[in-house]
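[1] fold the following.
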Amino acid sequence: MALGHGKRTQITVAAGDISAWTKNSEFTRGADKHDTTGYGADDHTFGGDGLRTGEFVCDGLYDGTAGTGTRAILEPLVGTVVTVTRKPEGTGSGKPLQTFQAFVDEYKETNPVADYIKWAAKMTVSGLVAKTTQS
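    Down below sits the predicted model:
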């Protein structure tokens, strides 16, 4: 069994590397399903061959550095489609690489009274997810 540690994950959104501030990320793939149930059936049946869907969410510690922090990188992208590069096992020859276009649905900041400021972003995959290995 080849286990991988999440601390090596690298994420770039629209050429901005947000890895240093990201504490969690989640990449989800799904697909449309079609109800093929006909009259007289007691149970549903389903068919595939539908369109795939995808969502990418990430969050972490806020960095307000002008020009390079999380707010500067992510907030202006809301409502646009950008390139996302995800290296779930970090950088290295033969390790997986995912590249996809994503619509940036939202960027959120949370300001708890007794903790550091946090940020979160939600994106919808737009089109094909290119899965390759790094050279």
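
[2] which residues sit in contact with residue 61?
    21, 23, 116-119 (Cβ atoms under 8 Å, 6 or more residues apart in numbering). For the C-beta atoms, the positions are set from N, CA and C on the backbone; glycine is no exception.

[3] partners of it in the sheet?
    With DSSP bridges as the criterion, residue 61 is bridged to residue 118.

[4] tell me which residue lies farthest from the centre of the chain.
    Distance from the C-alpha centroid of the chain, by Cα atoms, centre = their mean, peaks at residue 40 (42.1 Å).

[5] let me know the pLDDT of the residue nearest to the spatial centre of the chain.
    Geometric centre of the chain, nearest residue: residue 56, 2.3 Å, by Cα atoms, centre = their mean. Turning to residue 56, the model gives it a pLDDT of 98.

[6] is it true that it touches residue 102?
    Yes - at 5.8 Å, residue 56 and residue 102 qualify as touching, with contact defined as Cβ atoms under 8 Å.

[7] identify the contacts common to the two.
    84, 123-125.

[8] so which of those residues sit within strands?
    Assigned to strands by DSSP state E, the following of the shared contacts of residue 56 and residue 102 qualify: 84, 123-125.

[9] filter the residues you listed to the buried ones?
    84, 123, 125 (16 or more other Cβ atoms under 10 Å).

[10] check which helix or strand the residue lying closest to the second one once chain neighbours are set aside maps to.
    Read it as residue 123. Nearest residue to residue 123 in three dimensions, chain neighbours excluded: residue 102, at 3.8 Å (Cβ to Cβ, 6 or more residues apart in numbering). Residue 102 belongs to strand 96-110 when assigned by DSSP states H and E.

[11] tell me the buried residues in that strand?
    Buried-residue list, strand 96-110, by 16+ other Cβ under 10 Å: 97-98, 100-102, 104, 107.
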